[in-house]
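A.B. asks: Sequence plus predicted model, see below.
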Amino acid sequence: MTREPIIQVDRLSFAYGVHPVLDEVSFTVHRGEYVAMVGPNGGGKTTLLRLLLGLEHPDRGSVSLFGGSPERARARVGYMPQHAHLDPQFPITVEDVVLMGRLKRGRGLYSREDREAARASLADVGLEEYGGQSFSALSGGQRQRVLLARALAGRPELLLLDEPTASVDVDVEQRLQTFLDELSRRMTILLVTHDLGFVTDAVHSCLCVNRKVRMHPIGELTGEVIRDLYGRPMRQVRHDRVIQHPG
């Protein structure tokens, strides 16, 4: 049975001025896949994410989401940025931030359904009691979870996550990892991460980005592949194992 392609990138090239960032990139992500995008800083991960969101446009080649342009697919995509670009002095509540994920062109005030969806998303990330609190009063880890709730509030079919473990401690990271593993059973996920320890067994494949792009099944992410990607040996830290000290 043919799987439905959700993301299709064909011979894409992109440069900022005279500085090439991505060169002849082609890959496909199918419905239900959980893909991790990894690579060194400056390798083009964030730029590729912006191209998928329709915030940038290829110099050559094409990007397709759900068989059409990224702009047309936005209502079906949830996006979690690495950081919240919100003025900390702006008086906005946690629920107001999450409700931004329900914004649609031409809509007026939020409906009861919008507010129920926002509260359900907050419950999903364990912050159901924080809806009325000021967003600026939260810790860095709590803000990350609110941004994830905002991405989920629109009930997306595709979830794009940019470094979701930024500013979170190990405990929150492990809970977030478990939650994303569960989410991957009901939606397509593309996760950008620099933390190879966050790439779990639930991930189907890795998109290795360093100007060129290669898609590897998770079992092929060997030390040699990682060394070629980063240009040097890398050590993977496992948070799920405890060292037993002698004596």
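C.D. replies: Done, it's in. Residues are numbered from 1 along each chain as shown.
A.B. asks: send the alpha carbons of stretch 80-91 over as PDB?
C.D. replies: This file holds the C-alpha atoms of stretch 80-91, laid out as PDB (Å, rounded to 0.1, in the frame of the first residue of the first chain):
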ATOM      1  CA  MET A  80       6.700  25.200  17.900                       C
ATOM      2  CA  PRO A  81       9.600  27.700  17.700                       C
ATOM      3  CA  GLN A  82      12.800  27.400  19.800                       C
ATOM      4  CA  HIS A  83      12.000  30.600  21.700                       C
ATOM      5  CA  ALA A  84       8.900  32.800  22.300                       C
ATOM      6  CA  HIS A  85       9.200  36.100  20.500                       C
ATOM      7  CA  LEU A  86       6.900  37.900  23.000                       C
ATOM      8  CA  ASP A  87       7.700  41.100  24.900                       C
ATOM      9  CA  PRO A  88       8.100  39.900  28.600                       C
ATOM     10  CA  GLN A  89       6.400  43.200  29.600                       C
ATOM     11  CA  PHE A  90       3.300  42.500  27.500                       C
ATOM     12  CA  PRO A  91       0.400  41.500  29.700                       C
END
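A.B. asks: residue contacts, the spatially most central residue of the chain?
C.D. replies: With distances taken as CA atoms, centre = their mean, Leu161 lies nearest the centre of the chain, 1.0 Å away. For Leu161, the contact set (CB atoms under 8 Å, 6 or more residues apart in numbering) comprises Tyr79, Met80, Leu148, Ala151, Leu180, Ile189, Leu190, Leu191, Val192. The way it works is simple: take the backbone N, C-alpha and C, and place the C-beta from them, glycine included.
A.B. asks: Looking at the residues you listed, which one is closest to Cys206?
C.D. replies: Of all the contacts of Leu161, Leu191 has the smallest distance to Cys206: 9.9 Å, by CB to CB.
A.B. asks: any idea how far the closest one is from Gln82?
C.D. replies: 12 Å (CB to CB, to the nearest Å).
A.B. asks: who has more neighbours, those two?
C.D. replies: Leu191 (25 against 17; other CB atoms under 10 Å).
A.B. asks: any chance you could map the strands in the protein?
C.D. replies: 5-16, 19-30, 34-38, 60-65, 77-80, 158-162, 188-192, 205-210, 212-217 (DSSP state E).
A.B. asks: Could you list every helix and strand in contact with the second one?
C.D. replies: Using 3 or more CB pairs under 8 Å, 6 or more residues apart in numbering; DSSP states H and E as the contact definition, the elements that strand 19-30 packs against are strand 5-16, helix 45-52, strand 60-65, strand 188-192, strand 212-217.
A.B. asks: Then the first one?
C.D. replies: In terms of contacts (3+ CB pairs under 8 Å, 6+ apart), strand 5-16 is packed against strand 19-30, helix 45-52, strand 60-65, strand 188-192.
A.B. asks: Touching, Arg143 and Gln133? I think so.
C.D. replies: No: counting by CB atoms under 8 Å, Arg143 does not reach Gln133; the two are 11.3 Å apart.
A.B. asks: Neighbour count: those two, which is higher?
C.D. replies: Arg143 (21 against 15).
A.B. asks: where's the more buried one relative to Val94, distance?
C.D. replies: In terms of CB to CB, Arg143 sits 9 Å off from Val94.
A.B. asks: Overlap of the contact sets of those two?
C.D. replies: Phe135.
A.B. asks: Please work out how many residues are found near Asp169.
C.D. replies: 11.
A.B. asks: Show the pLDDT at it.
C.D. replies: Asp169 carries a pLDDT value of 74.
A.B. asks: If you drop the residues flanking it in sequence, what lies closest to it?
C.D. replies: Excluding its sequence neighbours, the residue lying closest to Asp169 (CB to CB, 6 or more residues apart in numbering) is Gly141, at 6.2 Å.
A.B. asks: For the protein, name the helix or strand with the lowest mean pLDDT.
C.D. replies: helix 223-230 (a mean of 59; mean pLDDT, DSSP states H and E).
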